[in-house]
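K.L.:
Pasting the sequence and the predicted model now:
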Amino acid sequence: MALAEAHLKATIKNIGNSCWPTGGTDAGGAVRAGYYLFEGNNADDPPTGQSRPQLGAQDVRPGELTEASLELNAPREPGDYLLRLDLVAERINRFASFGSNVVRVPLLVKNC
């Protein structure tokens, strides 16, 4: 049985005072969009899936919009899950740790 795939696109606005570098894949401080998938509704447990794609080719200046494309594979086990979307400054921390809002989306995975 093939796993279902979801392609998500997020539009993100830099409302801060600093430019977000996008940099290469290993660049410290490079800002990425991150998703984390948790079993149940407990985001304190280790995630069952995650990804941090690059925001784009250009740095994002204050006031600018950018897009992130996220590809999510459905878990094999049916049940309740929580999808959490956040930004990440590579090798520094998640934006949520600095007080930014995190998007939380409850998901229900069913067998077909």
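P.N.:
Yep, it's here.

K.L.:
in the protein, which strand has the most residues?
P.N.:
Ranked by residue count under DSSP state E, the longest strand found in the chain is strand 79-89.

K.L.:
May I have that strand exported as CSV, CA atoms only?
P.N.:
As requested, C-alpha coordinates have been extracted for strand 79-89 and formatted as CSV (Å, rounded to 0.1, in the frame of the first residue of the first chain):
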residue,chain,number,x,y,z
GLY,A,79,-5.0,7.7,14.4
ASP,A,80,-4.8,11.3,15.6
TYR,A,81,-1.7,13.4,14.8
LEU,A,82,-0.6,16.9,15.3
LEU,A,83,1.1,18.9,12.5
ARG,A,84,3.2,21.8,13.8
LEU,A,85,4.6,24.4,11.4
ASP,A,86,7.3,26.7,12.6
LEU,A,87,10.4,28.5,11.3
VAL,A,88,13.9,27.4,12.2
ALA,A,89,17.1,29.3,12.3
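
K.L.:
low-scoring stretches of the protein, by residue?
P.N.:
By pLDDT under 70, the low-scoring segments of the chain are 1-3, 24-27.

K.L.:
most centrally placed residue in it?
P.N.:
The structure's the chain has its C-alpha centroid closest to Gly34; by CA atoms, centre = their mean the separation is 2.2 Å.

K.L.:
elements contacting whichever strand or helix holds it?
P.N.:
Secondary structure from DSSP states H and E places Gly34 in strand 31-39. Using 3 or more CB pairs under 8 Å, 6 or more residues apart in numbering; DSSP states H and E as the contact definition, the elements that strand 31-39 packs against are strand 5-13, strand 49-51, strand 65-73, strand 79-89. The C-beta positions use only the backbone N, C-alpha and C, and glycine is treated the same way.

K.L.:
Compute the inter-axis angle for it and strand 5-13.
P.N.:
Angle, strand 31-39 to strand 5-13, by axes from the mean of the first three to the mean of the last three CA atoms, to 10 degrees: 130 degrees.
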